[in-house]
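Peer 1: prediction below, plus the sequence it came from.
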Amino acid sequence: MSQPPLPADPAALADALEATGYLPDEGLATAAYLALVMHRPLFLEGEAGVGKTALAQALAEVTGRPLYRLQCYEGLEASHALYDWDFGRQLLHLRAAEAAHATGDTAELEAGLYDRRFLLARPLLQALEDAPSVLLVDEVDRADDEFEAFLLEVLSDFTISIPELGTIRAETPPLVVLTSNRTREVHDALKRRCLYHWLEHPDFEREVAILRRRLPEVTESLARQVAGATARLRGLDLLKPPGVAEAMDWATALHALGARELDPDTAARTLGAVLKYREDTDRVHELARGALFGAR
């Protein structure tokens, strides 16, 4: 399938992203455009829910590329990100060879066990083989230092060495988007390899526009009230300030209940859509709810 041409400039990329429902600001559109044309990874930092993961998904849609996502976590090993051998199929191959009395040449049989058909490609290998693609390395700050060093090596030349098969190199480097919620500092060596952008929560008007674009069934009035209340919640000392994703969930919940406005009682009953910690919910209940959830 042919892919659409790359946008001519950051403004064209912003327009294409908006067509998918993702509304970037000028700085983010510029960073994403440069990552595309320079073949450099894009490192996105910011609080959870500001749209880091959604940008990678929107870029895959805009460019017509397949998206491969590597979700990072503590203890993530290279084999879970690169490839693994399908031991079950290898065992079946051995048994079939034995049943066919084809075990005379042991070396040939052993070599046959490490054929490409028995290789299970993980996200990193998939992104390199299925070029051009979009590779999302999500929440890299949750991975260990050892994996971060390994990732830096892969991103340096977009090649993977498989001892049994040789070296696999991407014909076209994938568009790599790395995200971090900054639960820990990522090493400078990895950041230097990337273009960097810090994502803020959107301002009020942009958040209203996002809610209206992504949730057209929600009225303008309700979208503005949800955006205003969400912004005020972010100004509190909460364990987990709500992001755009939570604002969307909140607006969806209110619409499902038939609410036309965000009054204090309805807001209190639906806080579970926007706050995810009991301490945060208790803190909001202690405050003057009318001041938090009044119309804007």
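Peer 2: Happy to help now that I have it.
Peer 1: name all residues that make contact with residue 208.
Peer 2: Residues counted as contacts of residue 208 (Cβ atoms under 8 Å, 6 or more residues apart in numbering) are 220, 223, 224, 227. C-beta coordinates here come from the backbone N, C-alpha and C atoms, glycine included.
Peer 1: from residue 159, how far out is residue 169?
Peer 2: 4 Å (Cβ to Cβ, to the nearest Å).
Peer 1: between these two, what contacts are shared?
Peer 2: Residues touching both residue 169 and residue 159 (Cβ under 8 Å, 6+ apart) are residue 128.
Peer 1: just to revisit the earlier point, now list the buried members of the contacts of residue 208.
Peer 2: 223, 224, 227 (16 or more other Cβ atoms under 10 Å).
Peer 1: which one of those residues is nearest to residue 80?
Peer 2: Within those, distances to residue 80 taken as Cβ to Cβ reach their minimum at residue 227, with 38.8 Å.
Peer 1: can you name the next helix or strand after the helix or strand hosting that closest one?
Peer 2: According to DSSP states H and E, residue 227 maps onto helix 220-234. Following helix 220-234 in sequence order, the next helix or strand is helix 244-256 (DSSP H and E).
Peer 1: now that following helix, how far from the chain's geometric center?
Peer 2: 20 Å (Cα atoms, centre = their mean, to the nearest Å).
Peer 1: in stretch 45-56, what's buried?
Peer 2: For stretch 45-56, the neighbour count (16+ other Cβ under 10 Å) marks 45, 46, 47, 48, 49, 50, 51, 52, 53, 54, 55, 56 as buried.
Peer 1: could you check how far residue 128 is from residue 7?
Peer 2: On the measure of Cβ to Cβ, residue 128 and residue 7 end up 24 Å apart.
Peer 1: between the two, who's got more neighbours?
Peer 2: In terms of neighbours (other Cβ atoms under 10 Å), residue 128 is the more surrounded of residue 128 and residue 7; the figures are 24 against 20.
Peer 1: which residue, neighbours along the chain excluded, lies closest to that one?
Peer 2: If the residues on either side of it in the chain are set aside, residue 128 comes closest to residue 170, at 4.2 Å by Cβ to Cβ, 6 or more residues apart in numbering.
Peer 1: and for that neighbour, the neighbour number?
Peer 2: The local packing of residue 170 (other Cβ under 10 Å) involves 20 other residues.
Peer 1: just the strands in this structure please.
Peer 2: Taking DSSP state E as the test, the strands found in the chain are 42-45, 67-71, 83-85, 119-121, 134-138, 159-162, 166-169, 175-180, 195-198.
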